[in-house]
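Asker: whatever this is, show me its structure:
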Amino acid sequence: MNRCYQWIFGCMMLVCVAASPVSAQSDSESGEMTGQPGGGQSPYLSFCQERFYDEDDGIIYCNWSVNFHYACLAPYPSRIPRQAGSLISKPEVVGECDNGEPIIKILHY
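Answerer: Residues are numbered from 1 along each chain as shown. Presented below is the predicted three-dimensional model:
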């Protein structure tokens, strides 16, 4: 009976591997492996109070939050680092908290 389960498991693994998408594509002209289109890490959206924003030697520090609301609740700068090279969009003011503090957002990897 145990051998039967091993055989079924082996067949299931073979089907899974055969059905999985190919992770690299070959460029038709050069034959070079170019990777799957659109593959890679997904970008993140982060929010921060403008007064806590600081750039130093290619590193951006701020009290980065996952949404606008949490960015308004940060009472002090936590100086969470982000690499400036990972930015997709430049920091832009997207609104103000109830106390008038401007909130900026960035899109980054």
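Asker: now do the strands in the chain.
Answerer: Along the chain, the segments classed as strands by DSSP state E run 44-49, 54-56, 59-62, 80-83, 92-96, 102-108.
Asker: per-residue pLDDT, residue 76?
Answerer: At residue 76, the predicted lDDT confidence score is 83.
Asker: swap in residue 29?
Answerer: Here the pLDDT value assigned to residue 29 is 46.
Asker: cool, and residue 11?
Answerer: On the pLDDT scale, residue 11 is placed at 52.
Asker: about what we covered before: any chance of the strands of the chain in CSV, plus distance to residue 69, mean pLDDT and mean neighbour count?
Answerer: Every C-beta, even on glycine, is put in place using the N, C-alpha and C of the backbone. Shown next, in CSV, are the strands of the chain (distance: least, CB to CB, whole Å; pLDDT from 0 to 100; neighbours: other CB atoms under 10 Å):
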stretch, distance to residue 69, mean pLDDT, mean neighbour count
strand 44-49, 9, 94, 20
strand 54-56, 22, 90, 11
strand 59-62, 16, 91, 20
strand 80-83, 17, 89, 14
strand 92-96, 11, 96, 12
strand 102-108, 9, 95, 18
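Asker: nearest to residue 73 among the ones you listed would be which one?
Answerer: Residue 73 lies closest to strand 44-49 among the strands of the chain, at 9.7 Å (CB to CB).
Asker: who are the packing partners of the closest one?
Answerer: In terms of contact count using 3 or more CB pairs under 8 Å, 6 or more residues apart in numbering; DSSP states H and E, strand 44-49 is assigned the packing partners strand 59-62, helix 68-73, strand 102-108.
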